[in-house]
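In: how would this look folded up:
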Amino acid sequence: MKIIHLLLLVFIIGVALTVYTGRRYMKGLKIESTTAPIMNYQQLDIHCATHIRDASSMQIFFDGQSYTVMLSDGLCEEIRENTVAPKLFYDQEKDVVFHEGHLMPKVYIFLSLFPAILLPLLGFIVYRKELNKSVSSM
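Out: The predicted structure follows:
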């Protein structure tokens, strides 16, 4: 495989991942705008992150099933103190309950787009004179 083909493959896979995350984000926005937040759920447990490698989540019971909903850290503390009622939405197609804006966070689109552009661009700059050589010569 030539170096140019490898760089183009990395670019195509990165763009495909960006398109997928973008579509998931748009689907989440569509669900939030067309449906009302669910109200008939029971909060079973809430776990607020205590350090940077931990994630905040909430266990709920909705429609006869138990779901785990991921939360932002600041919101988790407010829910625990009962100062805020979270806006939760249900995606019937995937059978997922998610918090407002968290089906696919917008930052994931950028996190997949930047490497999709930067990795091949840096590869073209570094290997600009050797693009037609084999990958094994890298």
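
In: Break the protein down into its domains, please.
Out: For the chain, automatic domain parsing gives the domain ranges 1-37+104-138, 38-99.

In: Using CSV, lay out those domains together with mean neighbour count and mean pLDDT.
Out: Heads up, the C-betas are built off the backbone N, CA and C, glycines and all. Shown next, in CSV, are those (neighbours: other Cβ atoms under 10 Å; pLDDT from 0 to 100):
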stretch, mean neighbour count, mean pLDDT
domain 1-37+104-138, 14, 87
domain 38-99, 14, 88
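
In: So for this structure, the centremost residue is which one?
Out: Most central in the chain under Cα atoms, centre = their mean is residue 104, positioned 4.0 Å from the mean C-alpha point.

In: my guess is that one contacts residue 25, does it?
Out: Yes - here residue 104 reaches residue 25: they are 4.4 Å apart, a contact under Cβ atoms under 8 Å.

In: Next up, identify which helix or strand the nearest residue to residue 105 once chain neighbours are set aside is on.
Out: In this structure, residue 105 finds its nearest non-sequential neighbour in residue 25, 7.6 Å apart by Cβ to Cβ, 6 or more residues apart in numbering. Assessed by DSSP states H and E, residue 25 sits inside helix 3-34.

In: who does that helix touch, helix- and strand-wise?
Out: strand 88-91, helix 106-126 (3 or more Cβ pairs under 8 Å, 6 or more residues apart in numbering; DSSP states H and E).

In: How about the contacts made by residue 68?
Out: Taking Cβ atoms under 8 Å, 6 or more residues apart in numbering, we find residue 68 in contact with 57-59.

In: Which member of those residues is positioned nearest residue 135?
Out: residue 57 (41.7 Å; Cβ to Cβ).

In: Could you measure from the closest one over to residue 34?
Out: 26 Å (Cβ to Cβ, to the nearest Å).

In: Over to residue 18?
Out: From residue 18 to residue 34 the distance is 24 Å (Cβ to Cβ).

In: what's the distance between residue 59 and residue 103?
Out: In terms of Cβ to Cβ, residue 59 sits 18 Å off from residue 103.
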